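[1] take a look and give me a structure for this.
(one chain, ligands or ions: 1)
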Amino acid sequence: MTNNEKLAQLLFPHISKTPQDYEAIYPPRDLPQGARVTRFAPSPTGFLHIGGLFTALSDVLTARASGGVAYLRIEDTDKKREIDDGVSAIIEGFRAFGITFAEGVTGFGTESGAYGPYTQSHRAEVYQTIAKDLVLRGLAYPCFCSEDDLTALREQQERDGALIKGYFGKYAKCRDLSYEEQERRVQAGESWVLRLRSDGQEDKRIVFEDVIRGKIEMPENITDTVLLKADGIPTYHFAHAVDDHFMRTTHVHRGDEWIASVPLHIALFKACGFRVPKYVHVSPVMKEDNGGKRKLSKRKDPEAAVSYFVESGYPADGVIEYLMTLLNSNFEDWRKANPTADHWTFPFNVKKMSVSGCLFDLAKLSDVCKNTISVMTAEQVLESVLTWSEIYDKELFELLSADKEFALGIFSIDRGTAKPRKDLAKWNEVRDFVTYYYDALYQPVFEADERFSAAEIKTVLTEYLKVYDPADDKDQWFARIKALCEPLGYTPNVKEYKKQPDAFKGHVGDISGMIRRAVTSRANTPDLWAIMQLLGEETVRERITNVINSL
Ligand code: GLU
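    Model prediction:
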């Protein structure tokens with residue numbers, strides 16, 4: 001037996017498989033030419049970030065547009081940073097926005113697909129098999145350095161003024177230990193990590209092609225990076241190479257903070273004998289701040305968390321639609337040409353993603369969501385509001401579900417027309433939107449249009465009550481208001497009023513405005529006739545009478 005063979009056996013006595021076994025277990029995928037295999041690979045260390053949703057969307061769209069597969073892998077190798085409900089935050093986040101992966105982790109403890117397990121903590125044997133093979137081929141070695149040793153090494157590098165810091169070359173104390181020493185120390189129970197034996201050279205550079213950014217040139221990796229930690233769990237870098245190879249990823253979409261690690265990753269793929277995948281480094285989602293641009297921050301910006309959009313009740317389709325405008329600037333043109341097409345059929349192009357990072361603008365998101373809600377049916381709106389309010393606004397949920405016909409009536413007003421109203425951007429605005437329909441919510445505040453005196457309003461409302469007839473259809477209702485105009489000194493013709501404003505007290509819109517304010521306490525509402533129909537005669541009379549009495 002060679003020393004390498006002895007060392008591989010010493011370090012990994014329990015590993016009997018070989019890389020070839022895994023090549024057979026995870027064969028190349030049977031997909032059409034050009035099909036891309038992408039993955040979203042979050043760590044369950046915090047909430048799902050809007051930038052994560054953005055990247056995941058690029059994964060799913062790429063796979064769909066190319067007839068490939070997008071899968072979800074949970075990277076839980078950093079147990080210290082893991083949070084309790086990290087995995088459910090990810091799963092729930094995607095579920096809420098209708099993002100589905102064809103393969104991978106599907107729920108807490110559940111998964112689907114032939115390339116699993118898709119949770120890294122369940123893949124120890126795969127990593128260790130490749131690690132054993134690297135040892136066998138002299139490309140990895142155990143390192144026994146303690147924290148103190150590593151601190152001493154850093155201090156030495158400071159003193160030497162070393163340009164590159166890290167475990168490499170002459171600083172790599174454990175790189176050339178004899179087999180006898182390695183054996184003695186392992187058998188004595190000393191803790192060890194496994195390091196790559198880098199063959200990189202300081203003066204050499206690597207070049208790779210990032211799909212978004214084009215050619216990138218960087219110094220080669222020279223450090224003997226840790227592959228397996230003392231507990232046998234891989235580092236992100238090693239797990240990335242092993243998993244993306246055996247899960248047959250073609251395109252690695254990930255945050256651009258990983259660009260700096262590409263030289264190491266290329267070295268790892270090469271050492272393992274794997275083909276390097278294509279890299280798609282996604283720029284962070286930005287926010288405008290004081291005229292400048294900065295990354296959306298977990299700490300400062302509530303909208304950095306995907307859960308913020310769920311809790312506020314943004315319609316899922318609206319959020320996705322907006323993110324798509326950020327992903328590819330030609331999405332909006334596509335949308336104009338295909339107003340009703342399913343957004344998943346958009347011909348997404350990774351190459352058109354922003355290099356500098358796109359601006360996430362809550363005001364634009366609201367506009368998109370208003371559009372989304374405006375073209376929903378009343379039934380869809382009610383269903384979405386009920387789903388949302390059941391969790392986030394119980395009182396509203398109870399009110400709406402107590403009489404669904406009535407609630408449908410509210411959401412039906414001015415809906416389904418060529419120019420639907422755009423009152424709502426998110427479900428937490430519904431409470432305010434429906435207040436005047438429910439006595440439990442309604443707090444009347446009559447704010448007079450200041451062009452009219454209290455006495456004048458009183459007269460108009462009193463005259464109106466005399467002619468108000470709930471049996472009127474919309475035309476009759478309006479005709480009656482028009483008929484009030486002349487006797488009261490108003491004109492039924494708005495144009496005429498604009499021509500000669502001094503000749504009249506006001507126009508027909510001013511009278512209906514007074515009625516609107518009296519019935520709803522609002523200056524603007526959807527179709528007033530429809531609102532009054534829904535409220536019913538008793539409520540309408542009572543509200544107008546109360547205002548008259550208060551003036
Ligand atoms: N687990 C890594 C992270 O959450 C993912 C990087 C990758 O997608 O490769 O940052």
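[2] and the closest residue to the ligand within the stretch 101-250 of the chain, how close does it get to Ala503?
    Nearest residue of the stretch 101-250 of the chain to the ligand, counting by C-beta to the nearest ligand atom: His240, 5.4 Å away. To be clear about C-beta, it is placed using only N, CA and C from the backbone, and glycine gets the same treatment. Between His240 and Ala503 the distance is 79 Å, computed by C-beta to C-beta, to the nearest Å.
[3] who's more crowded, those two?
    His240 (24 against 10; other C-beta atoms under 10 Å).
[4] just list whatever residues bridge to Ala305.
    Counting by DSSP bridges, Ala305 forms beta bridges with His49.
[5] my read: it touches Ile50, true?
    Yes: assessed by C-beta atoms under 8 Å, Ala305 is found in contact with Ile50 at 7.2 Å.
[6] between those two, tell me which one has more neighbours.
    Using other C-beta under 10 Å, the more surrounded residue of Ala305 and Ile50 is Ile50, with 23 against 20.
[7] what residues does the chain have near the ligand?
    Ala41, Pro42, Ser43, Glu75, His240, Arg254 (C-beta under 6 Å from any ligand atom).
[8] so what pLDDT did the fourth one get?
    Looking back up the chat, that one is Glu75. pLDDT recorded at Glu75 is 97.
[9] same check on the fifth one?
    Predicted confidence (pLDDT) for His240: 98.
[10] what's the answer for the third one, then?
    Looking at Ser43, its pLDDT is 95.
[11] and it, how many neighbours?
    17.
[12] backbone phi and psi for the one residue in the stretch 451-551 of the chain that gets nearest to the ligand, please?
    Relative to the ligand, the nearest point of the stretch 451-551 of the chain is Pro526 (45.2 Å; C-beta to the nearest ligand atom). With angles defined as degrees, to the nearest 10, Pro526 sits at phi -60, psi -170.
[13] need phi/psi at whichever residue of the stretch 401-550 of the chain sits closest to the ligand.
    Nearest residue of the stretch 401-550 of the chain to the ligand (C-beta to the nearest ligand atom) works out as Lys426 at 28.0 Å. In terms of degrees, to the nearest 10, the main-chain angles of Lys426 are phi -160, psi 160.
[14] so it is in contact with Ala316, correct?
    No: judged on C-beta under 8 Å, Lys426 makes no contact with Ala316 at a distance of 10.9 Å.
[15] what number of residues lie near Asp403?
    Neighbour number of Asp403 under other C-beta under 10 Å is 11.
[16] ditto for the one 5 residues further on
    Other residues lying near Leu408 total 15 when counted by other C-beta under 10 Å.
[17] distance of it from Trp388?
    16 Å.
[18] ok so, going back, in helices, which of the residues of the chain next to the ligand appear?
    Among these, DSSP state H puts His240 in helices.
[19] among the residues of the chain next to the ligand, which two are most distant?
    Pro42 and His240 (13.1 Å; C-beta to C-beta).
[20] and the residue of the stretch 251-400 of the chain found nearest the ligand, what does it touch?
    Relative to the ligand, the nearest point of the stretch 251-400 of the chain is Arg254 (3.4 Å; C-beta to the nearest ligand atom). Shown in contact with Arg254 (C-beta atoms under 8 Å, 6 or more residues apart in numbering): Ala41, Thr55, Tyr279, Val280, His281, Val282.
[21] how about the residue of the chain most remote from its centre, what does it touch?
    Distance from the C-alpha centroid of the chain peaks at Pro487, with 59.0 Å (C-alpha atoms, centre = their mean). By C-beta under 8 Å, 6+ apart, the residues touching Pro487 are Glu463.
[22] list phi and psi for it.
    Dihedral angles (degrees, to the nearest 10) for Pro487: phi -60, psi -30.
[23] which stretches in the stretch 251-400 of the chain count as strands?
    251-255, 278-282, 286-289, 292-295 (DSSP state E, counting those that start in this stretch).
[24] same question, the stretch 101-250 of the chain
    Using DSSP E, counting those that start in this stretch, strands in the stretch 101-250 of the chain cover 103-107, 110-112, 140-143, 193-196, 205-210, 214-219, 226-228.
[25] equivalent analysis for the stretch 451-551 of the chain, please.
    490-491, 506-507.
[26] got JSON lines for those strands, with mean neighbour count too?
    Converted to JSON lines, the strands of the stretch 451-551 of the chain look like this (neighbours: other C-beta atoms under 10 Å):
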{"stretch": "strand 490-491", "mean neighbour count": "22"}
{"stretch": "strand 506-507", "mean neighbour count": "22"}
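[27] closest to Gly291 out of the ones you listed?
    strand 506-507 (43.9 Å).
[28] name the helix or strand for the residue nearest the centre of the chain, please.
    Nearest to the mean C-alpha position of the chain, counting by C-alpha atoms, centre = their mean, stands Leu53 at 3.0 Å. Leu53 belongs to helix 50-66 when assigned by DSSP states H and E.
[29] equivalent analysis for Thr38, please.
    Using DSSP H and E, Thr38 falls within strand 37-40.
[30] check which residues of that strand are buried.
    Of all the residues in strand 37-40, those buried under the rule 16 or more other C-beta atoms under 10 Å are Val37, Thr38, Arg39, Phe40.
[31] check stretch 103-119 too.
    Buried residues in stretch 103-119, counting neighbours by 16+ other C-beta under 10 Å, are found at Glu103, Gly104, Val105, Thr106, Glu111, Gly113, Tyr115, Gly116, Tyr118, Thr119.
[32] next one: stretch 368-388
    Buried residues in stretch 368-388 (16+ other C-beta under 10 Å): 368-374, 376, 378, 381-382, 384-386, 388.
[33] now do the end-to-end distance for it.
    End-to-end distance of stretch 368-388 (C-alpha to C-alpha, to the nearest Å): 19 Å.
[34] re the thing from before, how close does the residue farthest from the centre of the chain sit to Tyr392?
    Taking C-beta to C-beta as the measure, Pro487 falls 50 Å from Tyr392.
[35] buried residues in stretch 490-507?
    Here stretch 490-507 shows Tyr490, Thr491, Pro492, Tyr497, Phe504, Lys505, Gly506, His507 as buried, counting by 16+ other C-beta under 10 Å.
[36] any idea of the pLDDT on the nearest residue in space to the last one that is not next to it in sequence?
    Setting aside the residues directly before and after it, His507 is nearest to Tyr497 in space (C-beta to C-beta, 6 or more residues apart in numbering), at 3.9 Å. On the pLDDT scale, Tyr497 is placed at 96.
[37] again, but for Ile164
    For Ile164, pLDDT reads 89.
[38] run a quick neighbour tally on Ser297.
    When neighbours are counted by other C-beta under 10 Å, Ser297 comes out with 12.
[39] also the one 4 residues further on?
    Using other C-beta under 10 Å as the criterion, Asp301 is surrounded by 18 other residues.
[40] quick one: residues contacting it.
    Here Asp301 is in contact with Lys287 (C-beta under 8 Å, 6+ apart).
[41] what about it, distance to Lys370?
    According to C-beta to C-beta, Asp301 and Lys370 sit 22 Å apart.
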